[in-house]
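Enquirer: How does the following fold in three dimensions:
(2 chains)
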Amino acid sequence: MTVKLEQLVDEVIETDFLILGGGLVGCMAALRARQNKNIDVAIMERGNIWYGGNAIGFDDHNLEYPGIIEHPLPKNFSSEQASKGEFGARRFHNIVSAKLAVTEGRNYVKPLVVLEEIGVKIREDDGTVKVKQTQKIPGGPNWHRLVPDATGKIEGDKVFYRGSDVKEKLANAVVKSGARIFNRTILTNLITQDGTVVGATGMNTRTGKLLVFIAKAVLVSTGDMRRLYTYPWAPFPNNLFLNSHFAGNHGGGIVAAFKAGAKLANMEFLQVYVVAAGACATSAAGAGMYWKMQNSKGEFLEEKYQGGMLSKIGGHFPATNFVYSPNIDDPEFEREVITYDTSNATDDEVVACYFTCATEYPRMLKLHKLAGGIRKGPVEARVFIPGLLSGIVGVLNLNEKAETSVKNLFIAGCASSSTGSSGSKAMVWGHIVGDYVRDIISDIKKPVLKGEQLQQVESEKKRILAPLNHKGGVDPLELEDYVRSINMNYVNVRKVEPKLKRAIALLQEIRNDVVPLLSAENPHELMHVLEVQDIIEISELHAQASLMRTESRMVPSHYRVDYPKQDNENWANIIITEQKIDDEIKYTRERIE
Amino acid sequence: MNNSSQCEYCERPIKSDPVIKILRGKEHVFCTEFCFRLYFYDVPRITYEDLKKMYELRCVTMKAPDFHTLIVESNEK
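Expert: Take a look at the predicted model:
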């Protein structure tokens, strides 16, 4: 018996261009696509587009345009220059495509033009811009401490503008452009037809309404994976949501793309921060960034371990260089209580810290106020894993058009493995995809869902609603806590084969034996059920990819106790990709340019 | 009707459409929704004067051309 689509779900939406995620990427892509008013654009956003995405935390408060305002990008900007990190190109130790970094560089400025058009005040009244000065560590990131750059050269430009309202203005412009917005709607899966994406299913997290979107092209801009590890110094369930990044980003778009057949890459790499106990953010904490870290004997770590042990084996986060010294298997922070003393902070340092709080984490100003101000030192510093390393981990971006290995499926922003870990770069890729889709959409035939797609929708509906029938079953947040504790205990920073294998076995057991017992009583809990299933999937891929990379690179992002050295002969320019084909996960090594 | 030309939170002059909120029956005027949120959640105030001082310490002022002129089109096909 044939069931009609309208009988299966509450609403069917036909559109040309479906954008999954209404963050900075999604809004920029929608605006660009809607330059042609004949193109129908729909945005599915799990929160609401005025506050959704990483911009809610900090990414819309400063615009990162490294070097290019002072030194415009040369027309012949090359892959070689990009691989050296010139003009702000992403380097990341041979696991990010230099070719795509060139594309990114060439498009850096375009979003600025759009932002000015929609009324974002980037400039001062006299037309100048304010650029934050940062000190560059050779081969590494910017160091925020107030140490003058010896050369006086501005290495990392961050343009600050007054208002901190990029996201709001983008969202308003998107509404004005006529794009259709579906707030409070979480992506549950993609719909495919012969290897081509033709739409997606979603659920309203307030009403429980099920929606099917039929689309010619789909952009995954759902952000990065921020819910794999826990903040171990907070009680449940706060430990699940305390994060230095937007905890709403659980990686749902990445899992959906993976299930649809898209390749994922670099899933082994972690983001590792040093944060202040209780603050859970780098900027407000200032640990290692503004103030020197010291042990209980009053020894400053950066003086004790000059250069930082990790920097010699590929480490790249400044503060972690010192806390993991002298030996990552026996680091100082595990034998000592590490603090940084702000009690004698100079006025400039206090202002600098407040400045970063104001532009990155405004809520931290409040925490500082409650704690009695910044000079209330010493503060304990701790190592914390906010998630996988955004910008290099996620759906594989195949080319300069941000296409994926699934036809008509595009990827941009932090959900992409190749580019875009900052709001600025996210908008660059949103701009690229929006323009490209606008140009090609008339050549794509309107999809017609057939029996196979109806079956996909029907089984998805069954999966989504099943937990409503399991009264008194497993609580999704409790399961998430357990899954994340597996990652903490068996994967974490010091990875080793037997533990990784144990993590994989445990995760597979959970998927088979516990997931069917998940229960929910309302749409909000159903959302958590969907999230935890994605988190299990990502956790397993993370453990599998970690197991496969038999070397250490960008320590502590990927450190194998049993393979502690960087192995350039076999692993430089190599990424591990995962793809689901006929329900089987296949792993391959790919060489990138 | 509040005719304030200054944001109640950051004290910057309001140059575009003000954000007007009624809280406990009283009208409040902000320059952006963001400032309203900071005000609402009682975040310690950073005023325009504070910001200017911060800019002096942490930022340099740069002349920036029309951003259109900085766009680099690819030489490659």
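Enquirer: List the buried residues for the longest helix seen in chain A?
Expert: As assigned by DSSP state H, the longest helix anywhere in chain A is helix A:523-548. By neighbour count on 16 or more other CB atoms under 10 Å in any protein chain shown, the buried set for helix A:523-548 is A:523, A:525-547. No exception for glycine: its C-beta is placed from N, CA and C like everyone else's.
Enquirer: And it, how far out from the chain middle?
Expert: Its chain's C-alpha centre and that of helix A:523-548 lie 15 Å apart, by CA atoms, centre = their mean, to the nearest Å.
Enquirer: Can you name the next helix or strand after that helix?
Expert: In the C-terminal direction, the helix or strand that comes right after helix A:523-548 (DSSP states H and E) is strand A:559-560.
Enquirer: name the helices or strands packed onto the helix or strand just after that next one?
Expert: Downstream of strand A:559-560, the first helix or strand assigned by DSSP H and E is helix A:568-571. The helices and strands touching helix A:568-571, judged by 3 or more CB pairs under 8 Å, 6 or more residues apart in numbering or on different chains; DSSP states H and E, number zero.
Enquirer: who's in contact with helix A:568-571?
Expert: The contact list for helix A:568-571, computed with CB atoms under 8 Å, 6 or more residues apart in numbering or on different chains, reads A:94, A:549, A:550, A:551, A:553.
Enquirer: rerun at 6 Å
Expert: Helix A:568-571 has contacts (CB atoms under 6 Å, 6 or more residues apart in numbering or on different chains) with residue A:551.
Enquirer: quick one: that helix to chain centroid distance?
Expert: With CA atoms, centre = their mean, you get 27 Å for helix A:568-571.
Enquirer: Can you list the strands that the next helix-or-strand element following it pairs with?
Expert: Using DSSP H and E, the helix or strand that follows helix A:568-571 towards the C-terminus is strand A:574-581. Neighbouring strands of strand A:574-581 in its sheet, by DSSP bridges, are strand A:264-265 (antiparallel), strand A:584-591 (antiparallel).
Enquirer: Could you look over those and pick the most buried one?
Expert: Highest mean neighbour count among those (mean count of other CB atoms under 10 Å in any protein chain shown): strand A:264-265, with a mean of 26.
Enquirer: what residues go with each domain of chain A?
Expert: Listed domain ranges for chain A are A:8-128+A:163-224+A:389-443, A:272-388, A:460-564+A:574-590 (source: automatic domain parsing).
Enquirer: Go through those domains and name the closest to residue B:32.
Expert: domain A:8-128+A:163-224+A:389-443 (4.4 Å; CB to CB).
Enquirer: Residue A:230: neighbour count?
Expert: The number of residues packed near residue A:230 is 24, by other CB atoms under 10 Å in any protein chain shown.
Enquirer: And it, how far from residue A:562?
Expert: 25 Å (CB to CB, to the nearest Å).
Enquirer: Next one: the closest residue in space to residue B:36 that isn't next to it in sequence, what pLDDT does it get?
Expert: Nearest residue to residue B:36, sequence neighbours excluded (CB to CB, 6 or more residues apart in numbering or on different chains): residue B:30, at 4.4 Å. Per-residue pLDDT puts residue B:30 at 87.
Enquirer: for residue B:30, what are its contacts?
Expert: Here residue B:30 is in contact with B:7, B:8, B:9, B:19, B:36 (CB under 6 Å, 6+ apart).
Enquirer: Which stretches in chain B count as strands?
Expert: Taking DSSP state E as the criterion, chain B carries its strands at B:19-23, B:26-30, B:59-63.
Enquirer: and the angle from the second one to strand B:19-23?
Expert: Counting by axes from the mean of the first three to the mean of the last three CA atoms, to 10 degrees, strand B:26-30 points 150 degrees away from the direction of strand B:19-23.
Enquirer: Against chain B, how distant is the spatially most central residue of chain A?
Expert: The centroid of chain A falls nearest to residue A:224 when counting by CA atoms, centre = their mean (2.6 Å). Applying CB to the nearest CB, to the nearest Å, the value for residue A:224 to chain B is 23 Å.
Enquirer: Could you tell me the phi and psi values at that residue?
Expert: As for residue A:224, its main-chain torsions (degrees, to the nearest 10) stand at phi -90, psi -170.
Enquirer: what about chain B, any weak spots by pLDDT?
Expert: B:1-3, B:34, B:43-48, B:50-60, B:73-77 (pLDDT under 70).
Enquirer: Contact partners for residue A:532?
Expert: By CB under 6 Å, 6+ apart, the neighbours of residue A:532 are A:476, A:479, A:480.
Enquirer: Please read the previous query as pertaining to residue A:575.
Expert: Per CB under 6 Å, 6+ apart, neighbours of residue A:575: A:95, A:265, A:266, A:590, A:592.
Enquirer: on that earlier part again, dump the contacts of residue A:532 into JSON lines; add distance to residue A:26, secondary structure and pLDDT as well.
Expert: Below are the contacts of residue A:532 laid out as JSON lines (distance: CB to CB, whole Å; DSSP: H, G, I helix; E, B strand; the rest coil; pLDDT from 0 to 100):
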{"residue": "A:476", "distance to residue A:26": "26", "secondary structure": "helix", "pLDDT": "97"}
{"residue": "A:479", "distance to residue A:26": "29", "secondary structure": "helix", "pLDDT": "98"}
{"residue": "A:480", "distance to residue A:26": "25", "secondary structure": "helix", "pLDDT": "97"}
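Enquirer: Throw these into TSV and include neighbour count and distance to chain B, thanks.
Expert: Listed next are these as TSV, based on neighbours: other CB atoms under 10 Å in any protein chain shown; distance: CB to the nearest CB, whole Å:
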residue	neighbour count	distance to chain B
A:476	23	29
A:479	22	32
A:480	24	27
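Enquirer: and which of those residues is nearest residue A:104?
Expert: Distance to residue A:104, by CB to CB, is smallest for residue A:480 among the contacts of residue A:532, at 33.6 Å.
Enquirer: circling back: do you know which of the strands paired with strand A:574-581 lies nearest residue A:511?
Expert: Nearest of the strands paired with strand A:574-581 (CB to CB): strand A:584-591, 12.2 Å.
Enquirer: Need the contact partners of that closest one.
Expert: So strand A:584-591 is contacted by A:548, A:573, A:574, A:575, A:577, A:578, A:579 (CB under 6 Å, 6+ apart).
Enquirer: Make a PyMOL selection of the buried ones in those residues.
Expert: Listed next is the PyMOL selection for buried residues among those, using 16+ other CB under 10 Å:
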select buried, chain A and resi 574+575+577+578+579
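Enquirer: Show me the two of the contacts of strand A:584-591 that sit farthest apart.
Expert: A:573 and A:579 (19.4 Å).
Enquirer: on that earlier part again, return the subset of the contacts of residue B:30 lying in helices.
Expert: Going by DSSP H, the helices hold residue B:36 from those.
Enquirer: Ramachandran angles for the residue nearest to residue A:305 when sequence neighbours are not counted?
Expert: Nearest non-adjacent residue to residue A:305, counting by CB to CB, 6+ apart: residue A:325, 3.6 Å away. With angles defined as degrees, to the nearest 10, residue A:325 sits at phi -80, psi 160.
Enquirer: Show the model's pLDDT score for residue A:325.
Expert: Looking at residue A:325, the pLDDT reads 86.
Enquirer: any idea which helix or strand comes after the helix or strand residue A:172 falls within?
Expert: Assessed by DSSP H and E, residue A:172 sits inside helix A:166-177. Per DSSP H and E, the first helix or strand lying C-terminal to helix A:166-177 is strand A:180-182.
Enquirer: Alpha carbons of the next helix or strand after that following strand, as PDB, please.
Expert: Scanning forward in sequence from strand A:180-182 by DSSP H and E, the next helix or strand is strand A:185-193. What follows is strand A:185-193 as a C-alpha-only set of coordinates in PDB (Å, rounded to 0.1, in the frame of the first residue of the first chain):
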ATOM      1  CA  THR A 185      13.400  22.800  14.100                       C
ATOM      2  CA  ILE A 186      16.100  20.200  14.600                       C
ATOM      3  CA  LEU A 187      17.500  18.300  11.600                       C
ATOM      4  CA  THR A 188      16.900  14.600  12.000                       C
ATOM      5  CA  ASN A 189      18.200  13.200   8.700                       C
ATOM      6  CA  LEU A 190      18.900  13.900   5.100                       C
ATOM      7  CA  ILE A 191      16.800  12.300   2.300                       C
ATOM      8  CA  THR A 192      18.700  10.900  -0.600                       C
ATOM      9  CA  GLN A 193      18.000   9.500  -4.100                       C
END
